[in-house]
Each structure stands twice: as structure tokens, then as C-alpha cells.
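*Asks:* output the structure for:
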Amino acid sequence: MATLSVMFSAILAALVIGESFAVLPYQDTRKSVTERTQDLLSRMTVEEKVMQLLQPWSSLTPEEIIAEYKNTGLGAWYLPMINVADNSPKTLAIARNKIQVAMMNESRLQIPISFIQETLHSGCDGCTIFPMPINFASTWNTDLMHDAAEIIASDARSVGTDRGFSPVINMFPDPRYGRLQEGFSEDPTITKFFGAAHLTGLQKCTGGPTEYLTNMTHGLVATVKHYAAYGKGSYDGSQADISEQRLREIYLEPWRYLVDKGLRSVMAAQNMVNGRPMHSNKRLLTEILREEWGVTNALIESDGPDCIQALNTSGFHVANSTETAGIMGLVAGMDQDLGGTAFRTLLNSVQENKVDIKYLNRAAGNVLMAKFAGGQFDNPFVDISRAEKINPMDNKKLALRVAEESIVLLKNDDKTLPLNFGGIHQVALLGSLADDAASQCGGYTNMGAPVTTVRQAFNDTLIPQGVSVRYMAAVSPDNNNISQVDKAVSLIEASDVAVLVLGDSLTTCGEMYDRSSLDLPGGQMELLHRAIQTSTPVIVVLINGRAVTFGEGNVALNGIKGLLVAWRPGQEGGNAILNVLKGAVNPSGRLTTAWPRCAGAIYGPSTPYLYPFQGDHMGQNYTVDGSSSPLFGFGYGMSYSNDMEITKMEISPQQVQENEVFRITVTAVNNANQSVKMPVQIYFRDPVANPVRISNIQLLTFTKVDIAGGATVSVTLDVNSSSLGFWNDGKNGDGHSAGWMIDKGLFELYAGYAGFTSWDNVGGLPGNVTVV
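*Replies:* Have a look, this model is predicted:
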């Protein structure tokens, strides 16, 4: 393998110092990204430009890829779809270099391929598997997201990835939707702050598309997903019929925020927005993203095979042919076709003057710009020895910390938790998810790292301490087989405590795995109902990707002594869950989505918490068959001590101008002996607003602070008054044109640590600021 590395180095040196480098401006590293892109475009044929718009979606060997594309060049290849004997980092790096050598040697203009990888919560097969994004958000600690993203990018670069698919900054207000776990929240403030942390961690800079990455060996170009309003409906790819106010203030706000954080690449969503498919939505792709927000050279990628072609086929029927679909996508603003066939027809379209070549130049230019900025032309090969050094255990401490801080304690009757295993002789561990590594890691996972499941953690830690751990799968979320429940109940009755690990598998929650009910799927509800009828204390640990309900009226919840939400906690999930159960870690996670009492309560008051606005005259209960209040509210979570309080909130200055920064200083006290990590949550409302605000309570900002037992700490948060603003559609007759604006007058603020309760100082502290 050393010989291969030397060969690649020699080829690179020849390319860099050869005569062509001295005379071709696009190969001159001293020139700007824009200058190099324009020069290369001027030398390309129409066919070569069209080939840059393609990212095939098929599994081929390196030899097959080379044979098909070496003469024409190619835009990108999905790294996991290189067909090799194994997907180890070393094998992938070798195969990737082999393909790149052919592209750099045999294509006319020596244009490298971009290699793309999933970077949602891991960087490649065999590297560290962090928890899923919903876990990161539940920590309320953006520093953890940024640190993990830097590692993910470095791991991905080690095998030759220069563009990563992430972060996901969609809001998911409907928990029936299977992809909630890939995002951060139903709230735009949580989403934009964590999205920015993920983006800047991956790219290691905040420059835009026309700027070089500042670290081309450890940073990569991030493709942010999925633009726009994806997840607004309750199933994958559904229609988003939405007002301009809600579209702007909720669904587009994280995208607008990320523009100044280095937004370079965007993946268009599968859905429609107000009747227009996103892959032909010129208003959102071009007029808003590129023109209004100024991201002119953002690379816009399609969302999977045939999404552009779907404009013609059974998807949308807005085009009468595949060629027309390709033209529509290109003109609307699409740049690269992931796995589709529509853009392959553009060669004929341009040659027959069916579409202006300026659109092809824009698209090919944006693809090339990402390659120049990301270092593909200047560092086309990967060092094999670096791929060999990838070790998923190098970053296990951070993976463990994220998993621990993300666990949300929702119920702790009689202070059953933490468990004193010193006084426990036998524990019953039940549920197939206790020993399901794949479901514990979640979707879009690059596997290959050793995963410690809950069962393994119990066996490794408790059995040496003399605790008998009796495990039974008993039931699964994937089927309704309850034949082992009687045996499981006998085991529970013979044990001192029962820990039920329940929730979602990869086939009950994920992309294209939406549900009509939020109750525990499969035979899990039967096991739970039977377990709580015994005299043995029952602890439920959820490994899940969405909100969960507990049957008719949630009656089963009453019999649970302790309820922990672990989401998809990654490779260290088993250890993290046990550490929280035994009290080695004080839980500090908080929900970033409100949990409805049942699927029928979705889009009722406060579930999701931003929808709909309910004036006081409407009351809080609009159903005749049960409460419509949340089962667990946005921002909620407990610790073991629960003896914390916020004693002071100071705001300076108390009067601010538009676009002026004011400072919030919060003083928090931990009256318990045990240390705690406290999320500080600042909410606001505009008490007199016209038009009506999207909600009568919104998250403004947040942070997380460590407080030692018995200690008092102060934390400051700086807020721009523009964050109090709203979208005015210009149709209110008040003389304002469409755009963002802020009301003059008083805004009420509220500081809390476990969600918003009320404005009367219950569980938090009120304050106010005035915009003059």
C-alpha cells in the first residue's frame, strides 16, 4: 500500500508542476475561486459541463466507474456506492484514489470528482458513531455539536470525502413523521443555533461559496438539508400548504440564519410548497435563496434519485417529458441531479436551443466552485496512512458525553431513580431494543464501530458487582408477537426492578417510515401493561426517534416509576443509559419538541408549541374526549435533585433600538448537594401584536451552565433586538411593505430551565425589554 501512496504523490506532483499548470489560470492556486471557475468554464464543452451536473446513484466497482466516465469527467460520486470488498476506511480510500487518478490523468481538463458521504452523526464506516441530531439538541449545548462536527468532518476527509450531506435543519412539528430524529427541533431558534454549530464544525469556517475552505484537509463542504418546509406534513415528502408568515418565521428562518454562517450547498426537498414542487420552485430556489439572501453561488443538489424526473412522472405531473422536467429543474435553480436521469437530457436541450446555456453555465459553475473551494483541484488524493489510523474509540469520551447529556428524565415517581444497584440482587432487562445496536445508533449511520448496547453495558458493569441481570427480548417494535410476554412477566415478578427498553426500531421510525399512531409499536404496549400490574418497580427507557404515547388515555404511564428518553444515543448509548440509571450522571436533557397526548391532539394547543396561536378567550381545552394540553411540554425535563431555581434576571439596556444588542444576565442557584447541568431558556412574547404572532410564547435564546452543589452562578446571553421581529406580508394597510420588522413597545421575557410554565413566576422568572 505504501507503493500506491507514493504513486499518488508522484502523480499529484506531476500535475502541479507540469507545463499546463504554468499556463492555465484555473490550475493556479494564487487565483480566486471565482477566477478559476470562470476560466475552466470557458474551456469546457457543453457535454463536459452537463457531466458536472451528474451524481450517479448506482453501485459500481472502481474499474467500472473509470471505464464509463474517464473521458467525460463527472460531477460527483456517493462514496459508499463504490463497490469494494469491504467498506473499511483504508479500502475506500484506496478505491477513491484509484478513481481520482484516472479522472486527473485521462479526462481532457483533469477535473476531479467530488466524493460525497453522509455526515449526519458519523463521518465514514468504522469511525465514531455519535448520537443522532435530536440527541444533540436535547443537550441544549451547541458546543457539543460543534466539537462532534469537527471530528465527523475530519473522519470523512480521511477517506477522501470533500462534501458531506448534513446538517438537517428542517422543523418537524408532527411526530408521526419518521425523520424527526434527523433534525433538531420543531423550533427555529433551536434549529438555527444547532444547525450553525454543525455547519461551522464541518466546514471549519464561515466563508461563503466563493471562498476557499480555511482547512482543506480536515474541513469539507456541507450540503444542508432539506430546502424547504420539508416535514411540515405528517408523512415523507408531503405537501406544505403554509402561510407566508409561518413559512418565513419558522421554516425558512434557520436557512436565512445559516447564510452568514457559511452556507455553501443546499439539498432541495422532495415536497411541494404551496402547490409547487421544490425541484422546480424558482421562487424559493432562486428568488429567495440566491437573490434575496445573496447566496448566488450556492450549489443546489437534488434530493435523491429521480426527484427532478418526478416533475414528469407519478410524482407531480407538472412536466410532459423527462427532458422538460430537466429544463424546469435547471431554470428554477437546480445545479446537480443526484442519481436522476433528467439532467442527462440537457445536452440535447442546450444543443437544440431549448434552454439558454446561461443556466447550464450557472449550474456547472456552482459545482466547480465547490470543488475549487473545497480543495479537490489542489488536493485531489487522500493519504492512505491517514485512513488507516481511524479509530472509533479515539472520540468515545465525547460520544459518551453527548449521549449522557441528551437523556431526558420525564418521570421519577417516589424518587425511584437513580437505582441503588448495591441493594438490588436481580434486575429484569426486557425489550429487543436493549440489544439492538443498529436501532440504538439510528438512521443515516456509517456503521463499523463497536456499539455498546444496554444489555452489554448491564452485563459488563453490573454482573461483576454481583447483580443478576436477566435479559429477555420478549417483544419487538417490528411485530405483534406477544407469545413471550407471560414468561417475561414471571421474570419481572422474580426481580427487584424491571428495566424495559422500548421505542422504535429502524423500520418503525426513519425515512419513509411514518406512522398514524404514536403508541409504542409492535407488542411493546402489551408487555408494558402487564409489567405495571406487578408489584415490581418498572423503569422505562425509550430508544426512540419520535414522541411516544402510552395507549388509551396514557393510563400505562401512571404505572411507570421512572421514564427516560434516550433517543438514538449512538455507540456509547448503553453506557450512557446505565450511567444515568445508577446516578453516576445527573440527567440534564430537555425536550425540543412538545409531546402530544395522542395523535389526534397534534396541531392542538401547544403541540407543537408554536401552533396554533390560542388567545386567552379560546381556553386551553378544545376537545370533548380528553385534555388537549401536551403530555410533556417543549423544553421540559427533570434532574434527580430538582432543587434549582432562577433567582434574578437583569436586562441591559432595558430600552433598545431596532437591530441593537441587549444583554440578559441570569442568576441560577443549585440548592442541592449534587452538581447539575442546567439549560437556561429565555422565552418571549409580544403582548400587543398586529398581525397576530405565530405563538404567544417563543424561545428567544438559550445556553447551558454547570452548577456545583450549593453554588450560585450567573450567565450572560447577548440578543439582537431583531430576534424579536416578525414577517410582515405588507397587506395589513399599515404602510409597511413586505419584509421583516419589529414592533415598537414592550416585550415580555421569561427565564426558565424546564420549559415555559406561566407568566406568574412559577418555575421561572419574568422580565421585559422595550423597543423604542
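
*Asks:* which is the next helix or strand following the host helix or strand of residue 337?
*Replies:* Taking DSSP states H and E as the criterion, the element that holds residue 337 is strand 337-338. Per DSSP H and E, the first helix or strand lying C-terminal to strand 337-338 is helix 346-351.

*Asks:* can you show me the helices along the stretch 301-450 of the chain?
*Replies:* Under the criterion DSSP state H, counting those that start in this stretch, helices of the stretch 301-450 of the chain are mapped to 322-332, 346-351, 357-374, 384-388, 396-406, 437-441.

*Asks:* would you list those in CSV and tack on mean neighbour count and distance to residue 587?
*Replies:* In this view, the C-beta of every residue, glycine as well, is placed from N, C-alpha and C. What follows is the helices of the stretch 301-450 of the chain, written out as CSV (neighbours: other C-beta atoms under 10 Å; distance: least, C-beta to C-beta, whole Å):
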stretch, mean neighbour count, distance to residue 587
helix 322-332, 24, 47
helix 346-351, 18, 54
helix 357-374, 23, 40
helix 384-388, 18, 37
helix 396-406, 23, 8
helix 437-441, 23, 18
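
*Asks:* so which of these gets nearest residue 543?
*Replies:* Among the helices of the stretch 301-450 of the chain, the nearest to residue 543 by C-beta to C-beta is helix 437-441 (5.7 Å).

*Asks:* coming back round to it: parallel or antiparallel, which strands does the strand holding residue 337 pair with?
*Replies:* Take DSSP bridges as the rule and strand 337-338 pairs in its sheet with strand 54-55 (parallel).

*Asks:* quick check: mean pLDDT of the helix or strand just after the partner strand?
*Replies:* Once the chain leaves strand 54-55, the next helix or strand it forms, by DSSP H and E, is helix 62-69. For helix 62-69, the mean pLDDT works out to 95.

*Asks:* for the following helix or strand past helix 62-69, what is the average pLDDT?
*Replies:* Using DSSP H and E, the next helix or strand after helix 62-69 towards the C-terminus is strand 76-78. Taken as a whole, strand 76-78 has an average pLDDT of 97.

*Asks:* helices and strands around strand 76-78, which ones?
*Replies:* Counting contacts by 3 or more C-beta pairs under 8 Å, 6 or more residues apart in numbering; DSSP states H and E, strand 76-78 packs against strand 54-55, strand 114-118.

*Asks:* how about residue 400, what does it touch?
*Replies:* Residues near residue 400 by C-beta atoms under 8 Å, 6 or more residues apart in numbering: 572, 575, 576.

*Asks:* distance of residue 427 from residue 525?
*Replies:* 22 Å (C-beta to C-beta, to the nearest Å).

*Asks:* which of these two has more residues huddled nearby?
*Replies:* residue 427 (23 against 20; other C-beta atoms under 10 Å).

*Asks:* which residues does that one contact?
*Replies:* Neighbours of residue 427 in contact, by C-beta under 8 Å, 6+ apart: 421, 458, 462, 467, 468, 469, 470, 495, 496, 497, 498, 499.

*Asks:* how many neighbours does the third one have?
*Replies:* Right, the one you point to is residue 462. By other C-beta under 10 Å, the residues close to residue 462 number 20.

*Asks:* looking at it now. What's its pLDDT?
*Replies:* We have a pLDDT of 98 for residue 462.

*Asks:* can you pull the contacts of it?
*Replies:* Contact analysis of residue 462 by C-beta under 8 Å, 6+ apart lists 421, 427, 469, 578.

*Asks:* how near is it to residue 281?
*Replies:* Distance check for residue 462 against residue 281: by C-beta to C-beta, it reads 54 Å.

*Asks:* and what of the first one?
*Replies:* Using C-beta to C-beta, we find residue 421 at a distance of 56 Å from residue 281.

*Asks:* wait, what's in contact with the residue nearest to residue 657 when sequence neighbours are not counted?
*Replies:* Of all residues not flanking residue 657 in the chain, residue 772 sits nearest, at 6.5 Å (C-beta to C-beta, 6 or more residues apart in numbering). Going by C-beta under 8 Å, 6+ apart, residue 772 touches 655, 656, 657, 744.

*Asks:* so where is the stretch 501-650 of the chain shaky, pLDDT-wise?
*Replies:* Within the stretch 501-650 of the chain, the stretches with pLDDT under 70 are 605, 611-624.

*Asks:* re earlier: just the contacts of residue 462 now: which is nearest residue 369?
*Replies:* For the contacts of residue 462, the residue nearest residue 369 by C-beta to C-beta is residue 578; the value is 48.1 Å.

*Asks:* picking that back up, which of the contacts of residue 772 are buried, as a ChimeraX select command?
*Replies:* A single ChimeraX command selects the buried members of the contacts of residue 772 (16 or more other C-beta atoms under 10 Å):
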select :656
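
*Asks:* inside strands: which ones of the contacts of residue 772?
*Replies:* 655, 656 (DSSP state E).

*Asks:* reformat the contacts of residue 772 as a markdown table; add distance to residue 448 and pLDDT.
*Replies:* Converted to a markdown table, those look like this (distance: C-beta to C-beta, whole Å; pLDDT from 0 to 100):
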| residue | distance to residue 448 | pLDDT |
| --- | --- | --- |
| 655 | 57 | 97 |
| 656 | 51 | 97 |
| 657 | 54 | 96 |
| 744 | 57 | 92 |
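
*Asks:* what distance separates the strand holding residue 337 from the centre of its chain?
*Replies:* With C-alpha atoms, centre = their mean, to the nearest Å as the basis, strand 337-338 stands 21 Å off its chain's centre.

*Asks:* contact partners of that strand?
*Replies:* With C-beta under 8 Å, 6+ apart, strand 337-338 has contacts from 53-55, 57, 78, 267, 301-305, 307-308, 326, 329, 343-344.

*Asks:* how does it look with 6 Å?
*Replies:* Residues outside strand 337-338 that contact it (C-beta atoms under 6 Å, 6 or more residues apart in numbering): 53, 54, 55, 301, 302, 304, 308, 343.
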